[in-house]
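> Got a predicted structure here, sequence first:
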Amino acid sequence: MVNGVTRVRGVAARAGGWSARHRWAAVVIWVLFVVLAMGIGSAAGRVNVKDNQLPGEVGQAQKIIEDAGLKEPAGETVFIQAVDGSTKATDPAFHAAVDAVIKAVDATGQVTKVTSPYAAKTLSKDGRSALIQFDVLGDADTAPDRITPVLDAVKKVQGEHKELRIEEIGSASMGKTFKDAFGDDFKKAEYSAVPVALGILLIAFGALVAALLPVALALTAIIATMGLMAIVSHLQAMSDTANSVMLLVGLAVGVDYCLFYLRREREEREAGRDAQTALRIAAATSGRAIIVSGVTVCVAMAGMLFTGLAEFEAMGLASLMVVAVAMVGSVTVLPALLSLLGERVEKGRLPFLNRIKRGKRNNNGESRFWRAVLGAVLRRPKAALVMAAGALIAITLPAVGMHTQNLTLDQEFGDSLPIVGTYDRVNETFPGGASPANVVIKAADINTPEVKQAIADFRTQAVSRGASDGPIKITLHSAENMAFVDVPLIGGSDQKKAEKSLDLLRDHVRPDTLGKVRGLEAPITGQVAGSKDFNARIVGAVTPVFAFVVVFAFLLMLLCFRSLTIAITAIVLNLLSVGAAYGILTAVFQHGWGASLVGAEGVGAIVSWLPLFLFVILFGLSMDYHVFVVSRIREARLAGRTTRDAIQHGVVTTAGVVTSAAVIMVAVFAIFGTLSMQSMKQMGVGLATAVLIDATVIRGVLLPAVMALLGERNWYLPKWLRWLPDLTHDESAAAPPVTAHHGDEDRDRVVRV
């Protein structure tokens, strides 16, 4: 302190001070950054994750195909079935329908290798159904975009043969269905999320300008990150999924960080401070909390880089970038805008709404509801701890039996799409026909008698050993010395049974046939194999990812609060929050408890990527609240309050902003819970429930109960750790001098940044 003036140190305080003094420069720099990032990214183009980057034998098979220069076409099937029990595939009317389909699809000019079911012997055992198979011309990746004329042709033939069921299914048609549903779902979510967030902010602030600022900053952070993703994709491939996750995380943290900053600035002004002083205090306190939280979230997101899965690495890097951009924007351009706006940030006030909100707060601006809750918790902290922790542990228990897999088409969409019914009928009539195993065979010479005999033996044993009922299709590519073998798996759409058939092929049939040919490669791929290999890689990544995230989050908490107790408490509480989310997911989507409430009947599994994804995202996001609340508690403690009073003061004064932030997150995530795709529904429900639990039970009950029981031990730092750098100075410099027996009082000194 010099001449009664405290000079504040710290990145957040200095950044906020510089931006406030050079407000136009800060705004122009931010706008230029956003424009340049998007412009350079658009010019560079985005490189997407390739199939050969998939794990296990699936990626191995794709690499063999690419190295050979082959472009495996998208395979399609037209399923024809007699509606009544009397018509057979051998009847003239059935023959006529088959011929009409072949002629119609061939006439589109989009297909090749159209195979009659009579020649290929793809007739059902009961004689009532048949499969017409063909390939779509051109690149398989773009086939979903070009399959519409073929679908229309098949639909026209169906209209001419009412006595038969004529339906198309295959990689292109399913890809189109998935792409359309995925796109429609995310458009719905993206278009809904911003208005919902804006509406909640309007209620939270009661002023239009204040509500618009967080949304505007979040959107500019997202736009800039989209450009950065395109640039970075030339080093680390990106994907549509990574882009969607980035939008979700960017909106959540971007709005949250601005909300923290704005609420503290407004709180200081309401306490009688001038706008400049209020802004400086907000920079030194909430600004620091944003940086601590942002770095912690970035570390958590970085955990996805340890999975070895290209899709996860893309999601992790995209999320990390948008959090970093939002964090930087919150502590630079936001203070500049607030300095420019001054009192005008309160423009567009809603008087009626503000009167209601004032009625819910006491004279110190504290939440009456949370003061009442905290009073009960702090009177009986042991009982509160036992009840809250016991409830969360009970909610977590169903997660012990969690079953994960890549969802099949019927699991993903239920009865919401017509193609799901086709998928089920094909699998029922020709088990595994809708999603066969694909064996990619590469030999030095594919035409040698030894190789041909091995392929024939594989075909025979696949049926005789009970892995398939056929028909097994073999496609030779002599010039490339390769062969593709399509094996319908017994089990069909039942993933567990189909995986047993796959294991039989991989562990027994292949070693006893193809495996006896020296130098021959024969990875087995397909939808079932992809799910199994992906699940195996995810399970293998759990330990290193969990360890990385937990250890680094612990170290960050230790450095930023210089308390071993606070660091341990943060980790334990976050794990409880994640565990509860796992338990709810398993109960609803796997066991079906209350599944009808969210439209999730009959799913029976959790999508493979979700548990690890949820852990990383939730562990990061929950640190937002924890850092913000604990920072305020520590600030009050350093200002002279007792630990008990500091806990109550910290929780009740942050209750409003934490509640508003949580409501926004829950609302945005809940939008995803209303989508048609079960994977998106699971993600939305998991995130929404976890954030709700975190902002209420964890921060409102468990955290104060634990801290009350620990007392002064909350600030314990062993002597052997006191060499650690002190990163806690900002909040103490800005804290108001209060006592345990008085309300909040204005500070007598000026905070200089």
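Ah, there it is.
> For the closest residue to Cys258 other than its chain neighbours, what is the enclosing helix or strand?
In space, and not counting its chain neighbours, Cys258 is closest to Pro214: 3.4 Å by Cβ to Cβ, 6 or more residues apart in numbering. Placement of C-beta: from N, CA and C, glycine included. Assigned by DSSP states H and E, Pro214 belongs to helix 208-232.
> residues of the next helix or strand after that helix that come out buried?
Counting by DSSP H and E, the next helix or strand C-terminal to helix 208-232 is helix 240-270. The neighbour-count check on helix 240-270 (16 or more other Cβ atoms under 10 Å) flags 241-269 as buried.
> following helix 240-270, which helix or strand comes up?
The C-terminal neighbour of helix 240-270 among helices and strands, as given by DSSP H and E, is helix 275-284.
> next structured bit after that next one?
Following helix 275-284 in sequence order, the next helix or strand is helix 286-302 (DSSP H and E).
> tell me the angle of the helix or strand just after that next one relative to helix 286-302?
Using DSSP H and E, the helix or strand that follows helix 286-302 in sequence is helix 310-331. Computed by axes from the mean of the first three to the mean of the last three Cα atoms, to 10 degrees, the angle separating helix 310-331 from helix 286-302 equals 170 degrees.
> list the helices and strands helix 310-331 packs on?
With contacts taken as 3 or more Cβ pairs under 8 Å, 6 or more residues apart in numbering; DSSP states H and E, helix 310-331 sits against helix 11-21, helix 208-232, helix 240-270, helix 286-302, helix 610-638.
> Indicate which one of those helices is closest to Arg368.
The closest of those to Arg368 is helix 240-270. By Cβ to Cβ, the value is 16.3 Å.
> From the contact counts, what lies against the closest one?
Applying 3+ Cβ pairs under 8 Å, 6+ apart, one finds that helix 240-270 contacts helix 171-205, helix 208-232, helix 275-284, helix 286-302, helix 310-331, helix 333-341, helix 610-638, helix 643-672.
> thinking again about what came up before, the helix holding Pro214: which residues count as buried?
By 16+ other Cβ under 10 Å, the buried positions in helix 208-232 come out as 210-230, 232.
> Likewise for stretch 375-386?
Within stretch 375-386, the residues that count as buried by 16+ other Cβ under 10 Å are Val377, Leu378, Pro381, Ala384, Leu385.
> How about the contacts made by the second one?
If a contact means Cβ atoms under 8 Å, 6 or more residues apart in numbering, then Leu378 has Arg644, Ile647, Gln648, Pro704, Ala705, Ala708 as its contacts.
> What count of nearby residues applies to Ile203?
Ile203 has 15 neighbouring residues, counting by other Cβ atoms under 10 Å.
> Starting from Ser660, give me the distance back to it.
8 Å (Cβ to Cβ, to the nearest Å).
> what does Val572 give?
The value you get for Val572 to Ser660, if Cβ to Cβ is used, is 26 Å.
> so who does Ala318 touch?
Ala318 neighbours (Cβ under 8 Å, 6+ apart): Thr225, Met229, Met238, Ala242, Asn243, Val245, Met246.
> While we're on the fourth one, how confident is the model there?
Taken from the predicted model, the pLDDT recorded for Ala242 is 84.
> cool, the first one as well?
Reading off the per-residue confidence, Thr225 sits at a pLDDT of 94.
> okay, now the spatially closest residue to it that is not a sequence neighbour: neighbour count?
The shortest distance from Thr225 to any residue other than its chain neighbours is 4.1 Å, reached at Val322 (Cβ to Cβ, 6+ apart). Using other Cβ under 10 Å as the criterion, Val322 is surrounded by 31 other residues.
> SS state for the closest residue in space to Thr422 that isn't next to it in sequence?
Leaving out its chain neighbours, the residue that sits closest to Thr422 by Cβ to Cβ, 6+ apart is Glu167, at 4.3 Å. Three-state call for Glu167 (DSSP: H, G, I helix; E, B strand; the rest coil): strand.
> my read: Glu167 touches Val78, true?
Yes. If you go by Cβ atoms under 8 Å, Glu167 and Val78 touch, sitting 7.1 Å apart.
> what's the overlap in contacts for these two?
Common contacts of Glu167 and Val78 (Cβ under 8 Å, 6+ apart): Val154.
> before we move on, the earlier item: of all the contacts of Ala318, which comes closest to Lys155?
Asn243 (32.4 Å).
> thinking again about what came up before, Glu167 and Val78: who's more crowded?
More crowded of Glu167 and Val78, by other Cβ under 10 Å: Val78, with 29 against 22.
> That one is in what secondary structure piece?
Element membership for Val78, per DSSP H and E: strand 74-82.
> Which positions in the following helix or strand past that strand come out as buried?
Counting by DSSP H and E, the next helix or strand C-terminal to strand 74-82 is helix 92-107. Neighbour-count burial for helix 92-107, counted by 16+ other Cβ under 10 Å, picks out Phe94, Ala97, Val98, Ala100, Val101, Ile102, Ala104, Val105.
> For this protein, which helix or strand comes out least confident on mean pLDDT?
Least confident helix or strand of the chain, by mean pLDDT, DSSP states H and E, is strand 750-752 with a mean of 33.
> Run the angle between the helix or strand that contains Asp135 and strand 74-82 for me.
Element membership for Asp135 (DSSP H and E) is strand 129-136. Interaxial angle, strand 129-136 versus strand 74-82 (the same axes, to 10 degrees): 160 degrees.
> which secondary structure elements does strand 129-136 contact?
Short answer (3+ Cβ pairs under 8 Å, 6+ apart): strand 129-136 packs on strand 74-82, helix 92-107, strand 111-115, helix 117-120.
> What strands line up against the third one, and which way round?
Think strand 111-115. Partners of strand 111-115 in the sheet, by DSSP bridges, are strand 129-136 (antiparallel).
> Next secondary structure after the partner strand?
Next along the chain after strand 129-136, taking DSSP H and E as the criterion, comes helix 143-146.
> now what about that following helix, what contacts it?
Helix 143-146 is contacted from outside by Pro73, Ala74, Gln110, Val136, Gly138, Ser171, Ala172, Ser173, Gly175, Lys176, Phe178, Lys179, using Cβ under 8 Å, 6+ apart.
> can you check stretch 304-311 too?
Residues contacting stretch 304-311 (Cβ under 8 Å, 6+ apart): 49-50, 53-55, 237, 239, 241-242, 312-313, 315-317, 319, 534, 537-538, 540-541, 544-545, 548, 609, 612-613, 616.
> follow-up on the earlier one: redo the buried residues of helix 92-107 as a markdown table? Include distance to Ala282 and pLDDT.
Listed next are those as a markdown table, based on distance: Cβ to Cβ, whole Å; pLDDT from 0 to 100:
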| residue | distance to Ala282 | pLDDT |
| --- | --- | --- |
| Phe94 | 76 | 91 |
| Ala97 | 73 | 90 |
| Val98 | 73 | 91 |
| Ala100 | 72 | 92 |
| Val101 | 69 | 91 |
| Ile102 | 72 | 91 |
| Ala104 | 68 | 92 |
| Val105 | 65 | 90 |
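> tell me the mean pLDDT for stretch 519-539?
Stretch 519-539 comes out at a mean pLDDT of 86.
> hmm, I was thinking of stretch 258-271
Regarding stretch 258-271, the rounded mean pLDDT is 82.
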